[in-house]
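**Student:** after the sequence you'll find the predicted model.
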Amino acid sequence: MTRDHDVGQLTTAELEVTMRELRANLSLITADSPAHVPILAHMRAIDAELAGRAGNQQPRGGQRHDSGILPSPSPATLPGDTDRDKETP
């Protein structure tokens, strides 16, 4: 049984908030959890809706979200920023 993810009635702001919440949910579940399937399906539906609203009629169906769910490194841990936290005389 498949379930349609009708996101067309949501505002763009609501879609963006929902996408952030779904990314957070993905980060909290185990890698082998079956919950990935409906979460990723919902994220694809949101991507398609946002793409349609932006005038791009081709949804980004090939984009995978599970690889982008990890948080970005803090600015202090970025390469080349090792001197950032050192005190200057």
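**Tutor:** The structure has been received and is ready for your questions.
**Student:** low-confidence bits of the chain, can you list those?
**Tutor:** Along the chain, segments meeting pLDDT under 70 span 1-5, 56-89.
**Student:** all helices for it, in order.
**Tutor:** For the chain, the helices defined by DSSP state H occupy 12-28, 36-53.
**Student:** mind putting those helices into CSV with distance to Asp6 and mean neighbour count?
**Tutor:** (Glycine included, C-beta is placed from N, CA and C.) Below are the helices of the chain laid out as CSV (distance: least, CB to CB, whole Å; neighbours: other CB atoms under 10 Å):
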stretch, distance to Asp6, mean neighbour count
helix 12-28, 12, 14
helix 36-53, 8, 16
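**Student:** so Ala35 touches Ile29, yeah?
**Tutor:** Yes - in this structure, Ala35 is within contact of Ile29 by CB atoms under 8 Å, at 5.1 Å.
**Student:** how close does Ser27 get to Arg53?
**Tutor:** Distance of Ser27 to Arg53, given as CB to CB, to the nearest Å: 26 Å.
**Student:** could you do Val7 as well?
**Tutor:** Here Val7 is placed at a distance of 11 Å from Arg53 (CB to CB).
**Student:** and if you look at Pro34?
**Tutor:** Taken as CB to CB, the span from Pro34 to Arg53 is 30 Å.
**Student:** ok, now Ile29?
**Tutor:** Taking CB to CB as the measure, Ile29 falls 29 Å from Arg53.
**Student:** now do Leu28
**Tutor:** 28 Å.
**Student:** Glu21 too?
**Tutor:** Distance, Glu21 to Arg53, by CB to CB: 19 Å.
**Student:** repeat for Asp47
**Tutor:** Taking CB to CB as the measure, Asp47 falls 11 Å from Arg53.
**Student:** could you do Thr18 as well?
**Tutor:** Separation of Thr18 from Arg53 (CB to CB): 14 Å.
**Student:** repeat that for Met43.
**Tutor:** Using CB to CB, Met43 is found at 16 Å from Arg53.
**Student:** likewise for Thr30?
**Tutor:** From Thr30 to Arg53 the distance is 33 Å (CB to CB).
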